[in-house]
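Participant: here is a sequence with its predicted model. Questions after.
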Amino acid sequence: MPKTDNVTGTLIANHHDALMGAWLAAQKRDGRSRDVGTDAASADLARQFLDQLHRGFASGRLDDITGAEWAPMRELLEDFSRARATQGFSPTETAVFVFSLKEPLFDILRRELGADAEKIARETWTVTRLLDALGLYTIESYSRTREEVIGRQQQELLELSTPVVELWDGILALPLIGTLDSARTQIVMENLLERIVESGTEIAIIDITGVPTVDTLVAQHLIKTISAARLMGADCILSGIRPQIAQTIVHLGLELNVVSKATMADALGLALRRTGKVIVDRARPAESRA
Amino acid sequence: MSEIPILKIGDCLLVSIQVDMHDRLAMALQDDLTQRIVADRARGVMIDISALEIVDSFIGRMLNNIAAMSRVLDAVTVVVGMRPAVAITLVELGLALTGVRTALNVDKGLAMIRSIIDSSENADAHRDR
């Protein structure tokens, strides 16, 4: 329970205006060159923070900021870091808001308690621990917001990048774009198989023009998709294999066991032939048929 | 114990699996089917698994075995109507069933058996000449 007699809390209340001024100046100096919004907004934020800090000191729970006494403070910091994270601030620029309070606060402590060395040491330690905890909490909420953003973007990418296209009656195409990981392969595979059942398609062209690299894992994912389609009775043709990727596949010793074509056009030609269709040049029909 | 019916269509046998397969039923089917292939002198076997929702490694292996057995007895096996979820499960189990022919539905399966039988007969006739 509160060993300290709330010395710092009283000091914060007594020197509120001086502390505010020094703190805002320190924020401006440490906050690098980035524009942190209007002075009025940051002053308002600083005032709210000091109010909550004062209330926290008054409650006496200085060793644990997860308690109910600190709930309004945590909420304030969460809102603040979320705003900073979405505006594209760096973690340092965000945390400086809390840490820059140390210097002006220590100044006041030194000025007011200068004579009592033991007291000043004890108060400094209490304030340091508290502000460190609050600063770390700020960074934590900051990175949590960033992770939420990343997660949402991943989800959006998954939805965006797995279309199954019907090229011709009985011929489906699956143009793959971007790196294939397990989660994406699962979705790609399910989409393709569902469409095969729906449309009764016998030939699917998997185009990997947009896949930047093919390693053993990607190859394994491709093999799985092709095997699953084959189990259902549909044949796959692999297309869009770039020269480097052909070299990689051979160097890695991968065996894909599938008909592959260099371009989607070749693959479509083969698929049309297999389904018994002929492409004829109307200008010279006889020659094309020959 | 229920039994899986084996229907004869021309020189093909049609097995439609409508119930969940358990191991003893699978063994019994393997037994019945080989006997019927010999008794009816069937040239093709079509296994329709479009109603099958759950498949384990044992059933996967059984499909492979049936295909291998009928090949020995000179009949073509085609597995038709596999569901996407079942196909994904089998691939994840590492059972690609490379020895089994597959088709999307019974219609395409029959056409496939017909063309395989015809081409093998043509090849035989060619060799005899």
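Facilitator: Noted; the coordinates are in hand.
Participant: can I assume A:E166 sits in a strand?
Facilitator: Yes: according to DSSP: H, G, I helix; E, B strand; the rest coil, A:E166 belongs to a strand.
Participant: chain neighbours aside, what residue packs nearest to it?
Facilitator: Nearest residue to A:E166 in three dimensions, chain neighbours excluded: A:L172, at 5.8 Å (Cβ to Cβ, 6 or more residues apart in numbering or on different chains). C-beta here means a position set from N, CA and C on the backbone, and glycine is covered the same way.
Participant: surely the one you found and A:E198 touch.
Facilitator: No: A:L172 is not in contact with A:E198 according to Cβ atoms under 8 Å; the separation is 9.9 Å.
Participant: strands paired with the helix or strand containing the residue nearest to A:E166, and their directions?
Facilitator: For A:L172, the host element (DSSP states H and E) is strand A:171-177. The strands beside strand A:171-177 in its sheet (DSSP bridges) come out as strand A:165-168 (antiparallel), strand A:203-210 (parallel).
Participant: A:L172 and A:E198: which is more packed in?
Facilitator: More crowded of A:L172 and A:E198, by other Cβ atoms under 10 Å in any protein chain shown: A:L172, with 24 against 10.
Participant: burial count for the closest residue to chain A within chain B?
Facilitator: Nearest to chain A, among the residues of chain B, is B:P84, at 3.4 Å (Cβ to the nearest Cβ). For B:P84, the neighbour count with other Cβ under 10 Å is 20.
Participant: model confidence for it, exactly?
Facilitator: As predicted, B:P84 sits at a pLDDT of 92.
Participant: picking up where we left off before, residues contacting the residue nearest to A:E166?
Facilitator: Contacts for A:L172 were tallied using Cβ atoms under 8 Å, 6 or more residues apart in numbering or on different chains; they are A:V164, A:V165, A:E166, A:L192, A:R195, A:I196, A:S199, A:T201, A:I203, A:A204, A:I205.
Participant: now swap in B:S119 and tell me
Facilitator: B:S119 neighbours (Cβ under 8 Å, 6+ apart): none.
Participant: surely it forms part of a helix?
Facilitator: Yes: counting by three-state DSSP, B:S119 is located in a helix.
Participant: quick check: it vs B:I88, distance?
Facilitator: For B:S119, the distance to B:I88 equals 32 Å [Cβ to Cβ, to the nearest Å].
Participant: again with A:V214
Facilitator: Taking Cβ to Cβ as the measure, A:V214 falls 21 Å from B:I88.
Participant: could you do A:L105 as well?
Facilitator: Distance, A:L105 to B:I88, using Cβ to Cβ: 61 Å.
Participant: which residues of chain B score low on pLDDT?
Facilitator: Residue ranges of chain B with pLDDT under 70: B:1, B:129.
Participant: also chain A?
Facilitator: Scanning chain A for pLDDT under 70 picks out the ranges A:1-5, A:31-38, A:160-161, A:285-290.
Participant: in the stretch 1-150 of chain A, mark out all the helices, start to finish.
Facilitator: A:7-14, A:16-30, A:39-59, A:71-86, A:91-99, A:102-113, A:117-160 (DSSP state H, counting those that start in this stretch).
Participant: who's more crowded, A:V214 and B:I88?
Facilitator: Taking neighbours as other Cβ under 10 Å, A:V214 and B:I88 compare with A:V214 leading, 23 against 20.
Participant: the nearest residue to that one once chain neighbours are set aside: what secondary structure?
Facilitator: Of all residues not flanking A:V214 in the chain, A:I245 sits nearest, at 5.0 Å (Cβ to Cβ, 6+ apart). State at A:I245, reduced to three classes by three-state DSSP: helix.
Participant: ok, back up a step: what's the angle between the following helix or strand past the strand holding A:L172 and strand A:171-177?
Facilitator: For strand A:171-177, the succeeding helix or strand toward the C-terminus, using DSSP H and E, is helix A:182-199. Using axes from the mean of the first three to the mean of the last three Cα atoms, to 10 degrees, the inter-axis angle of helix A:182-199 relative to strand A:171-177 is 160 degrees.
Participant: show me what counts as buried in helix A:182-199.
Facilitator: For helix A:182-199, burial by neighbour count (16 or more other Cβ atoms under 10 Å in any protein chain shown) applies to A:R184, A:T185, A:Q186, A:V188, A:M189, A:E190, A:L192, A:L193, A:R195, A:I196, A:V197.
Participant: packing partners for it?
Facilitator: Identification of packing neighbours for helix A:182-199 by 3 or more Cβ pairs under 8 Å, 6 or more residues apart in numbering or on different chains; DSSP states H and E yields helix A:117-160, strand A:171-177, helix A:216-231, helix B:84-92.
Participant: quick revisit: quick one: distance of the strand holding A:L172 to the chain centre.
Facilitator: Here strand A:171-177 is found 27 Å from its chain centre; the criterion is Cα atoms, centre = their mean, to the nearest Å.
Participant: how far does stretch A:100-109 sit from its chain's centre?
Facilitator: Distance of stretch A:100-109 from its chain centroid, counting by Cα atoms, centre = their mean, is 36 Å.
Participant: now stretch A:177-188
Facilitator: Counting by Cα atoms, centre = their mean, stretch A:177-188 is centred 17 Å from the centre of its parent chain.
Participant: just the endpoints, please. Distance across it?
Facilitator: Terminal residues of stretch A:177-188 are spaced 11 Å apart (Cα to Cα, to the nearest Å).
Participant: then stretch A:171-183?
Facilitator: With Cα to Cα applied, stretch A:171-183 spans 25 Å between its terminal residues.
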